[in-house]
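Novice: requesting a structural model of the entry that follows:
(one chain, ligands or ions: 1)
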Amino acid sequence: MTSGRLDDTIAAIASAPGIGAIGIVRVAGPRAFDVAAAVFRPAGGRAVHELPGGRVVFGRVVDPDGDAHDAEAAGAFVDEGLLLTFRAPRSYTGQDAVELQVHGGPAVLRAVLEACLRRGARAAEPGEFTLRAVASGRLDLAQAEAVLAMVEARSDAARRQASVGLSGALSASIDAAQRELTSAYAAVLASLDYPEEGVPEAQVEAPVADARARLERLLATATAGRFAVRGARMAIVGRPNAGKSSLLNALLGYERAIVADAPGTTRDYLEAPLELGRVSVTAVDTAGLRATADAVEAHGVARARELAAAADVVLALVDGTRPLEPEDRELVTALDRDRTIWVASKSDRPREWTAQDLGVAVRPVSSATGAGLDALRHELETRLLGDAAAEEAWVTSERQADALREAVEALARVPGASTDLQGLDLETALRALARITGRGDVAEETLAEVFARFCVGK
Ligand code: GDP
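Specialist: Predicted structure coming up:
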């Protein structure tokens, strides 16, 4: 794990491994411009040391320790490229930094990196650039996690939530709670010094209740945050020919997205990603697997229940154009009401039954005409968001949720407790919150936990 020291100069390949049009080697630290001056020759003959920040200069990358092909280069020619300059504190890490943009092949990038390493830079460890951004106060820890989430985002929902985190919205909410708790803590400490005065409720219990409510609201967004980052699982169940495949295709807007076969489970199934505003959904579909349909039909309700158990939301389809069958009613009893949305399919045709017959409210949808699809999407999103819909920033990592839970539990013990215990619980809560943003005392393990998942060069 990185130490968080800032006094040396680090370098790494920052672009993705493999072949690309352009590759980037990043250098940051007090000697970044020394390193750049050794390995880069600006075309106009300007001295690298004299370049201000915010410049882009064309030139040649050379390996000063390689054999010179021409005298002027003073070193072996490696590649042509661009040098981007950043002067402290206006850089990602807050330190002097440069980026070398060269052709994006693995051998070129390795050669450029090695030239930098021979001229005084040290190979950066995973996440070390971002760690420096945290150490220099450019980013807090929650924002550093958002950087990672941004890099890892595969869906639009995940990207959007990462950008909210990066903006500092989550941190602002935590900061507000921290301020309230700090003032309550001060009041408790004062009354420990002057016990005869007692602690006025307005100075402790009121801000604690306020902070606790705020943190509970945040904690309640953890599920939605998970759905944004990793996607919610949606099962589509119903009798054969109810219209499940057609509905999935209609929701996706294209024919059968086969993203991943998932063999090895009790039954093979198909997964398709579906973007639903602030959350993303992985639709799990068994309907298309005609070859195994016999087995599915034989245990329709059991199978539906099994699928539903592993899902965050269930779309249960009942064919609107056919009389109800006992199996449809069995499904109604088998499925969890809170997580199930009932759909009367094929609403472009006359309906053969009523919602009363089935015993649940149904949403008419036609995959053929698209009627009811938008409303269905909206209901899916609303169901998955829950109360999180009202909050801008969501908790998106388990680490953040754990710390919030600890703070909320400690605060729940404060009302009515002795002043001593109130002080201890407030300390616990404040320490837990400090772990989220990294402001205040943060243990080395917390940093290790956050940065362990980063890649080199970020
Ligand atoms: P699954 O077995 O539940 O996946 O059902 P399918 O999606 O394969 O559909 C079964 C049959 O119903 C097919 O012939 C579809 O063309 C038809 N169907 C599906 N959705 C609709 C709809 O919205 N309107 C009409 N009129 N027919 C539909």
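Novice: next up, the contacts around T223.
Specialist: By C-beta atoms under 8 Å, 6 or more residues apart in numbering, T223 lies in contact with G386, A388. Just so you know, the C-beta spots here come from the backbone N, C-alpha and C atoms, and that holds for glycine as well.
Novice: tell me the SS of it?
Specialist: The three-state assignment at T223 reads helix, by DSSP: H, G, I helix; E, B strand; the rest coil.
Novice: output the contacting helices and strands for the biggest strand by length in the chain.
Specialist: If you go by DSSP state E, the chain has its longest strand at strand 76-86. Helices and strands touching strand 76-86, by 3 or more C-beta pairs under 8 Å, 6 or more residues apart in numbering; DSSP states H and E, are helix 32-39, strand 56-63, strand 97-104, helix 106-118.
Novice: need those in JSON lines (columns: mean pLDDT and mean neighbour count).
Specialist: JSON lines is the format used below for these (pLDDT from 0 to 100; neighbours: other C-beta atoms under 10 Å):
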{"stretch": "helix 32-39", "mean pLDDT": "97", "mean neighbour count": "24"}
{"stretch": "strand 56-63", "mean pLDDT": "95", "mean neighbour count": "19"}
{"stretch": "strand 97-104", "mean pLDDT": "97", "mean neighbour count": "23"}
{"stretch": "helix 106-118", "mean pLDDT": "95", "mean neighbour count": "19"}
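Novice: return the set of buried residues in the longest strand of the chain.
Specialist: For strand 76-86, burial by neighbour count (16 or more other C-beta atoms under 10 Å) applies to A76, V78, D79, G81, L82, L83, L84, T85, F86.
Novice: now swap in stretch 304-311 and tell me
Specialist: A304, R305, E306, L307, A308, A311.
Novice: secondary structure element holding the fifth one?
Specialist: By that I understand A308. Using DSSP states H and E, A308 maps to helix 300-309.
Novice: elements contacting the next helix or strand after that helix?
Specialist: Counting by DSSP H and E, the next helix or strand C-terminal to helix 300-309 is strand 313-319. If you count contacts as 3+ C-beta pairs under 8 Å, 6+ apart, strand 313-319 packs onto strand 232-238, helix 244-252, helix 300-309, helix 326-334, strand 340-345, helix 373-385.
Novice: ok, residues contacting the helix holding A308?
Specialist: Helix 300-309 has contacts (C-beta under 8 Å, 6+ apart) with 235, 237-240, 266-267, 284, 286, 296, 314, 316, 327, 330-331, 334-336, 339-340.
Novice: stretch 33-45 now?
Specialist: By C-beta under 8 Å, 6+ apart, the surrounding residues in contact with stretch 33-45 are 9, 11, 27, 47-49, 51, 57-64, 72-75, 78, 83, 85, 96, 98, 100, 112, 115-116, 119-121.
Novice: intersect those residues with the contacts of the ligand.
Specialist: When C-beta under 6 Å from any ligand atom is applied, no member of those is adjacent to the ligand.
Novice: can you name the next helix or strand after the helix or strand of the chain at the bottom of the mean pLDDT ranking?
Specialist: Within the chain, confidence by mean pLDDT, DSSP states H and E is lowest for strand 260-261 among all helices and strands, at a mean of 38. The C-terminal neighbour of strand 260-261 among helices and strands, as given by DSSP H and E, is strand 270-276.
Novice: and that following strand, how far from the chain's centre?
Specialist: Its chain's C-alpha centre lies 17 Å from the corresponding centre of strand 270-276 when counted by C-alpha atoms, centre = their mean, to the nearest Å.
Novice: buried set for it?
Specialist: L270, E271, A272, L274, E275, L276.
Novice: got any ranges where the protein has weak pLDDT?
Specialist: Residue ranges of the chain with pLDDT under 70: 1-4, 67-74, 196-199, 254-270, 285-300, 440-443.
Novice: pull the longest helix from it.
Specialist: helix 169-193 (DSSP state H).
Novice: show residues contacting it.
Specialist: Contacts of helix 169-193 with the rest of the structure, by C-beta under 8 Å, 6+ apart, involve 140, 142-143, 146, 164, 197-200, 203-204, 207-208, 210-211, 214-215, 218, 392-395, 400, 407, 411, 419-420, 422-423, 426-427, 429-430, 433-434, 436-437, 439.
Novice: name the next helix or strand downstream of it, please.
Specialist: The helix or strand immediately downstream of helix 169-193 is helix 201-219, counting by DSSP H and E.
Novice: now do the buried residues in that next one.
Specialist: Neighbour counts using 16+ other C-beta under 10 Å place Q203, V204, E205, P207, V208, A209, A211, R212, R214, L215, L218, L219 of helix 201-219 among the buried residues.
Novice: of those, closest to F454?
Specialist: Of all the buried residues of helix 201-219, L218 has the smallest distance to F454: 24.2 Å, by C-beta to C-beta.
Novice: tell me the contacts of the closest one?
Specialist: With contact taken as C-beta under 8 Å, 6+ apart, L218 is in contact with L170, S173, I174, E391, A393, V395, L404.
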